[in-house]
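Peer 1: model this:
(one chain, ligands or ions: 1)
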Amino acid sequence: MTPLLTDTTTAVVTGAARGIGAATAIRLAGDGMRVAVVDLDAADCAATVEAITAAGGHAAAFDADVADAEQVARVIERITEEIGAPTVLVNNAGITRDNLLFKMADEEWDAVVGVHLRGAFLMSRAVQKHIVEAGWGRIVNLSSTSALGNRGQANYAAAKAGLQGFTKTLAIELGRFGATVNAVAPGFTVTEMTAAAAVRAGVDFEEAIATMAAQIAVRRVGQPEDIANAISFLTSRGAGFVSGQVLYVAGGPVA
Ligand code: NAD
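Peer 2: I've put the predicted structure just below:
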């Protein structure tokens, strides 16, 4: 099938049904990109796609489990056929399975490392072919302030720190093909992920937000749009000399 549109960049945003991924998809569409809104279930991406198309942008929903090699290969093929070869990739899909080390199950470790690290690896490997062909590209990986250590998150912290090494290595490997690769490391951001964490900890979410805000230099917590704004810069044409960096988007300095 011939791509429906041929005049702009195609971006893939994983985990874009909600939260930071949805805000990023909407922001990149606002920047003029065609956006592949990828999540586990394409039906869950409807609201993101509708927000983009209602604003005059171009987006389509695709389902894939980013930790599954066959699904990743297939979804990148479909995206290429249906909206164009992707040269921008935001590896945002994520999960948490928090537990203290002595209680952490093998499955909790494998699931978190699988989605964040294996997922980013599989997606980046599939998209790099198109970046190399185009001689231009942008990859942004979602790290976290948890990469610096966070009680109860050995699996997640390891995956988010691992993504920083992954980012720097891809920056070195893909730079000669016109690509930049960076990581954005959000601090506490209001999404279903942090809301669920509050529920698990038996804390009222609004109270958790107030407690966190008091510890942050700008005296507020992050919103998905705050993270999307940083990703927008790193995926822009003008950010071509910024690569292999980890940008903490946390309302103040971290560690
Ligand atoms: P969220 O839970 O609201 O959304 C995550 C999305 O990823 C969901 O739509 C989910 O269905 C999707 N997803 C999960 N597993 C997937 C898979 N295997 N394949 C495809 N999609 C999958 O989370 P969020 O808060 O928006 O977080 C987005 C990213 O930002 C994650 O990587 C997260 O670790 C990171 N992050 C979040 C915060 C925060 O405070 N919210 C802080 C630092 C980093």
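Peer 1: please count neighbours and contacts with C-alpha atoms only from this point.
Peer 2: OK.
Peer 1: can you give me the strands in the stretch 151-255 of the chain?
Peer 2: Per DSSP state E, counting those that start in this stretch, the stretch 151-255 of the chain carries strands over the ranges 179-186, 246-249.
Peer 1: most tightly packed of those strands?
Peer 2: strand 179-186 (a mean of 26; mean count of other Cα atoms under 10 Å).
Peer 1: now tabulate the strands of the stretch 151-255 of the chain in TSV and tack on mean pLDDT.
Peer 2: What follows is these, written out as TSV (pLDDT from 0 to 100):
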stretch	mean pLDDT
strand 179-186	98
strand 246-249	98
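Peer 1: go through those and name the closest to Thr48.
Peer 2: Closest of these to Thr48 is strand 179-186, at 20.8 Å (criterion: Cα to Cα).
Peer 1: wondering if that closest one reaches the ligand at all.
Peer 2: Yes. Using Cα under 6 Å from any ligand atom, strand 179-186 reaches the ligand at Ala185, Pro186.
Peer 1: which residues touch that strand?
Peer 2: 131, 135-145, 163-164, 167-168, 170-171, 174, 222, 227, 230-231, 234, 240-250 (Cα atoms under 8 Å, 6 or more residues apart in numbering).
Peer 1: just checking: what are the partner strands of that strand?
Peer 2: Take DSSP bridges as the rule and strand 179-186 pairs in its sheet with strand 137-142 (parallel), strand 246-249 (parallel).
Peer 1: turn the ones you listed into CSV, including distance to Ala126.
Peer 2: Shown next, in CSV, are those (distance: least, Cα to Cα, whole Å):
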stretch, distance to Ala126
strand 137-142, 12
strand 246-249, 22
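Peer 1: close to the ligand: what parts of the stretch 151-255 of the chain are there?
Peer 2: Going by Cα under 6 Å from any ligand atom, the residues of the stretch 151-255 of the chain near the ligand are Ala185, Pro186, Gly187, Phe188, Thr189, Val190, Thr191, Glu192, Met193, Thr194.
Peer 1: okay, among those residues, which ones form the most distant pair?
Peer 2: Maximum distance among these (Cα to Cα): 17.4 Å, for Ala185 and Glu192.
Peer 1: which parts of the stretch 51-200 of the chain are helices?
Peer 2: Applying DSSP state H, counting those that start in this stretch to the stretch 51-200 of the chain gives helices spanning 69-82, 106-113, 119-134, 154-174, 192-200.
Peer 1: now do the buried residues in the first one.
Peer 2: For helix 69-82, the neighbour count (16 or more other Cα atoms under 10 Å) marks Ala69, Gln71, Val72, Ala73, Val75, Ile76, Glu77, Arg78, Ile79, Thr80, Glu82 as buried.
Peer 1: over to the second one?
Peer 2: Judged by neighbour count (16+ other Cα under 10 Å), helix 106-113 contains these buried residues: Glu108, Trp109, Ala111, Val112, Val113.
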